[in-house]
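> below are the sequence and a predicted model; questions follow.
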Amino acid sequence: MTREQVEKEMAQYRTIFTVVRLLEAAQVGSDKTLSDYCKCYDFWQKHTQCQNCISAQVLRDHTQRTKLEYMGSQVFQVTAVYREVDGQPCVMELIQQLDSETLIAPENSNRLMDSVTGYHFKLYHDALTGGYNRRYFEDVLKGKTDPAGVAVLDLDDFKLYNDTYGHHAGDLALRTAVEVVRANIRKSDSLIRYGGDEFLLVLPGIERGAFNAKLQRICKKIHAATVPGYSCLQLSVSIGGVMSQPDETVEHAVGRADKLMYQAKNHKNTVVTEDTAAPRASTAAGRENQTRQNILIVDDSEMNRAILSEILGSDYNILEAANGKECLAMLEQYDTGIALILLDIVMPVMDGFEVLAAMNRNHWIEDIPVIMISSEDSDPVVRHAYEMGVSDYVSRPFDASIVYRRVFNTIKLYAKQRRLISLVTSQTREKEKNTQMMVSILSEVVEFRNGESGLHVQHIGTLTQRLLERLTQKTDKYDLPPEKQELIVLASALHDIGKIAIDDKILNKPGRLTQEEFNIMKTHTVIGANMLDKLGIYRSEALVRTAYEICRWHHERWDGRGYPDGLSGDRIPISAQVVSMADVYDALVSKRVYKAAYAPDTAVQMILHGDCGTFNPLLLECLVEIQDVLKEDVTEAE
């Protein structure tokens, strides 16, 4: 703070306190020696040092303290607050005499205390997060030159949280991130909300190795944190950190850390320090250059490229190509590092439509927007350009304001689209994980009652996946796209769900079942299918229908001698056929209450010889072809 600023602050305090004074460091007694210049002793009419000089403590710790001081029969409340005035350490003392009325009426004392601590807290703390605010940085921290680690933290995709879920979600995301940071720093460290979603972290006296490790830990902890009420939100933070140099102010160190943070922002959920920064980061001209996006102008006319560069160059980095071939070379080099392409149609070597065709083949068009620029504005040409994936069309001669606005809007739209896709993908994965978790829990309940290995369900899923992969490599006879294969693998965990209704004495009988017991055991197929068929609004879901097929028919046999319906051949759904073979193989190679485990080679031979029923000849071929892989799977599981 400047002398003028502190005088204004003291003037405000004088409306509340009996005495307000500013003491320079030389005027405050230390804990060990009594200064001849210490004004404390003059004011309090003392001739010995205070037992608990809060001004000296505040000067040393850079904090704020309050105590009661007695002078004869008078009682004073003394608050000492650390201040730096024109770069020099000082202590502001706020003294209030407490009269008998104040001492008798507690509400007056509370009001007085609130006027001191509350004013200071509101002055220097952020209302939303409770951390320090920008004013605290400006008044207290920025001019400090003590050795420190300084970091800039920026919450990734914060605007997207607000736009998608509302400002309440955004506020909770900020609070969650701040709580994580606070849990991982010391009391002597300072966390400042510097902007909307940007924070400063100042860690005095920390060693370089500990500083780098702490930033990495904060980054990981924030990514693992859950926003209350919004479990689908996946927080991440981009962090840039530097160690302050001798005599360097915190403000200057923040500027260096800020540049590294924007390098981290290119990847997100990343920490970049001086030890890990790209070489160009330390010599970059400034924050603006770190964040400017690349626009590729593709036009054989040097004049047209110059005009567009003039329109856009103040806010974007401009790349240029004189023809389509050069454009594709740029795409190979920069890929999605190019934010937008301005593409002419008529060019030598390779024209604009040939470029669009190549971008479609390589799927660049899905991630990099293209605005066509041409004097060819006939309907067929424009229509063909849109059909090939361009986002917009600008005719020559150029209107600078229109070109700039269309470029800006297109880049912003694509950026938001990419963030939304990322968010939706994250949510989808979260739902898939929850579905898998619930299926696993349910199947574990069944296996617990069944007395079988807890790994049985996991084995069935792995074996099913292996067989499906090989089957689709061998033939296209069955409609098994990747998404359907995933459904079958997930649904396989429910193949024996009907056993939950079978008596334990039959399920876990160590010897051979009687015919009556076996007939009861066979009902688990129909019981499981009926359970799934009674799921109301969910019964038509693909996962439930696939699980139904597997539950009901995984004991059918290729020759029609299975149960419960005696289906044969490909009348048995391929999902049930594959899970059936996986179930038999795992039963053979696993130990059961009624038998020992067979070796994998023996198990394969037993299945091939029909000792365990008959199977689809194609699946038998698959089993033989992947038996070595299955053997490794069994070994790893053990």
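All right, it came through fine. If you're wondering where the values come from, they're calculated on a predicted model, not measured in any experiment.

> C-alpha only now, for contacts and for neighbours.
Fine.

> grab the CA positions of stretch 354-363 and hand them over as PDB.
The C-alpha trace of stretch 354-363 is given here as PDB (Å, rounded to 0.1, in the frame of the first residue of the first chain):
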ATOM      1  CA  GLU A 354      -9.600 -31.500 -53.400                       C
ATOM      2  CA  VAL A 355      -8.500 -30.200 -50.000                       C
ATOM      3  CA  LEU A 356     -12.000 -30.800 -48.600                       C
ATOM      4  CA  ALA A 357     -12.000 -34.300 -50.000                       C
ATOM      5  CA  ALA A 358      -8.600 -35.000 -48.200                       C
ATOM      6  CA  MET A 359      -9.900 -33.500 -45.000                       C
ATOM      7  CA  ASN A 360     -12.900 -35.700 -45.100                       C
ATOM      8  CA  ARG A 361     -10.800 -38.800 -45.700                       C
ATOM      9  CA  ASN A 362      -8.600 -38.000 -42.800                       C
ATOM     10  CA  HIS A 363     -11.500 -36.800 -40.600                       C
END
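
> can you tell me what sits against it?
Stretch 354-363 is contacted from outside by 324, 325, 327, 328, 365, 366, 388, 389, using C-alpha atoms under 8 Å, 6 or more residues apart in numbering.

> wait, doesn't the last one sit right on residue 365?
It stands for residue 389. Yes - here residue 389 reaches residue 365: they are 6.6 Å apart, a contact under C-alpha atoms under 8 Å.

> so which residues of the chain form strands?
19-24, 64-71, 74-85, 88-98, 148-155, 190-193, 198-204, 237-243, 271-273, 294-298, 317-321, 338-343, 370-374, 392-395 (DSSP state E).

> which helices and strands does the fourth one pack with?
Yep, that's strand 88-98 we're talking about. Strand 88-98 sits against strand 19-24, helix 54-61, strand 74-85, with contacts defined as 3 or more C-alpha pairs under 8 Å, 6 or more residues apart in numbering; DSSP states H and E.

> one step back: point out the least confident member of the contacts of stretch 354-363, please.
Least confident of these in the model: residue 366, at 83.

> state the distance from it to residue 417.
As for residue 366, its distance to residue 417 is 11 Å (criterion: C-alpha to C-alpha, to the nearest Å).

> looking at the strands of the chain, which is closest to residue 217?
Residue 217 lies closest to strand 271-273 among the strands of the chain, at 9.8 Å (C-alpha to C-alpha).

> how far out from the middle of the chain is the closest one?
In terms of C-alpha atoms, centre = their mean, to the nearest Å, the centre of strand 271-273 is found 17 Å from the chain centre.

> just the buried ones from the contacts of stretch 354-363, in ChimeraX syntax?
Listed next is the ChimeraX selection for buried residues among these, using 16 or more other C-alpha atoms under 10 Å:
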select :324,325,327,328,365,389
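
> for the contacts of stretch 354-363, which one is nearest residue 469?
Nearest to residue 469 among the contacts of stretch 354-363: residue 366, at 28.8 Å, using C-alpha to C-alpha.

> which non-adjacent residue is nearest that closest one?
residue 360 (7.8 Å; C-alpha to C-alpha, 6 or more residues apart in numbering).

> and the one you found, what pLDDT?
92.

> how far away is it from residue 389?
From residue 360 to residue 389 the distance is 8 Å (C-alpha to C-alpha).

> circling back to that earlier point, in JSON lines: the contacts of stretch 354-363, plus distance to residue 621.
Below are these laid out as JSON lines (distance: C-alpha to C-alpha, whole Å):
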{"residue": "324", "distance to residue 621": "50"}
{"residue": "325", "distance to residue 621": "49"}
{"residue": "327", "distance to residue 621": "50"}
{"residue": "328", "distance to residue 621": "46"}
{"residue": "365", "distance to residue 621": "42"}
{"residue": "366", "distance to residue 621": "41"}
{"residue": "388", "distance to residue 621": "45"}
{"residue": "389", "distance to residue 621": "45"}
